[in-house]
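Trainee: Return atomic coordinates for the entry below.
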Amino acid sequence: MNDFDLLQDLPREYIEVDSKALENFIENVDNVTKLWRLTDSKEPNFFSLRMLERSKKLETYVSLMELLQEFIQANSNINEFDLFFAYMVRNVRKLDKIVDKDKLNELSSLYLDIKLIISRARSTPIFLEKIDKIKIDISQRRKPFLQHWQLYYADPSYCEDKDIIDLLMSCSLQNPIYIKSESDEYLDYIYNLNLNSPNH
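Mentor: Numbering: from 1, shown residues only. Predicted coordinates:
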């Protein structure tokens, strides 16, 4: 089955324009399957561009992370949601379990299912139409743990576009602990985890 058979009922001109945008999107993500994000419950949606505190300017991209396979394998006993969250709050954000408890209780994690985004764009005309309004690019490395990626919008206003946000949110899986709100027990667990480096 051809990769773009799901577009066969759409007008040819539409297919040529928008399937090219989808091809470009697929090429950019380079076979990555999950891209992770630390989320904040105070945000209107998890893919809005944030206002930077120091400059008071809108950030230019949404930060995403890929858990590198070597890091996952070195910690195969740890759920990937917990592995990502623990590394981000402890090693990247350097939050203290006691001092920063209120902030920690607002944070959670999710990942974007890249294959699902591609599938939805192939099968849903409105999502196919919007796929060229977002671009996901690889950025600097945080080896040997995480690979940094950046989600750009063609225009900053697209970070509030309902169809684009619906696509991103419908293709995201959020940590169930965020819903359960078992914060104290969960934070104790997260801060007691022994995170192994890939070379151990």
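Trainee: any idea what sits nearest Lys101, other than its immediate chain neighbours?
Mentor: Using CB to CB, 6 or more residues apart in numbering and skipping the chain neighbours, the partner closest in space to Lys101 is Leu187 (7.2 Å). Using the backbone N, CA and C atoms, a C-beta is placed for each residue, glycine as well.
Trainee: which ones are touching that neighbour?
Mentor: By CB atoms under 8 Å, 6 or more residues apart in numbering, the residues touching Leu187 are Lys97, Lys101, Leu104, Asn105.
Trainee: Over to it. Which of the three states is it?
Mentor: Per DSSP: H, G, I helix; E, B strand; the rest coil, the secondary structure class of Leu187 is helix.
Trainee: okay, now the nearest residue to Ala154 once chain neighbours are set aside: neighbour count?
Mentor: Counting by CB to CB, 6+ apart, Lys133 is the residue found nearest to Ala154 once chain neighbours are left out, at 4.6 Å. Neighbour count for Lys133, taken as other CB atoms under 10 Å: 18.
Trainee: Confirm that Phe46 sits in a strand.
Mentor: No. Phe46 is assigned coil when assessed by three-state DSSP, not a strand.
Trainee: Spell out, range by range, the strands that occur in the chain.
Mentor: In the chain, the strands defined using DSSP state E lie at 34-40, 62-67, 107-113, 134-142, 146-153, 172-174.
Trainee: And the residue nearest to Lys101, how close does it get to Ala86?
Mentor: 10 Å (CB to CB, to the nearest Å).
Trainee: Same check on His148?
Mentor: For His148 relative to Ala86 (CB to CB), the value is 18 Å.
Trainee: Which one of the two is surrounded by more residues?
Mentor: The residue with more neighbours, out of His148 and Ala86, is Ala86; 22 against 15, by other CB under 10 Å.
Trainee: OK, contacts around that one?
Mentor: Contact analysis of Ala86 by CB under 8 Å, 6+ apart lists Ile78, Ile190, Tyr191, Leu193, Leu195.
Trainee: Any regions of this protein where pLDDT drops low?
Mentor: 1-18, 44, 141, 177-182, 200 (pLDDT under 70).
Trainee: give me that answer again for 90
Mentor: Scanning the chain for pLDDT under 90 picks out the ranges 1-21, 30-31, 40-46, 48, 50-58, 105-106, 122-123, 139-144, 174-186, 198-200.
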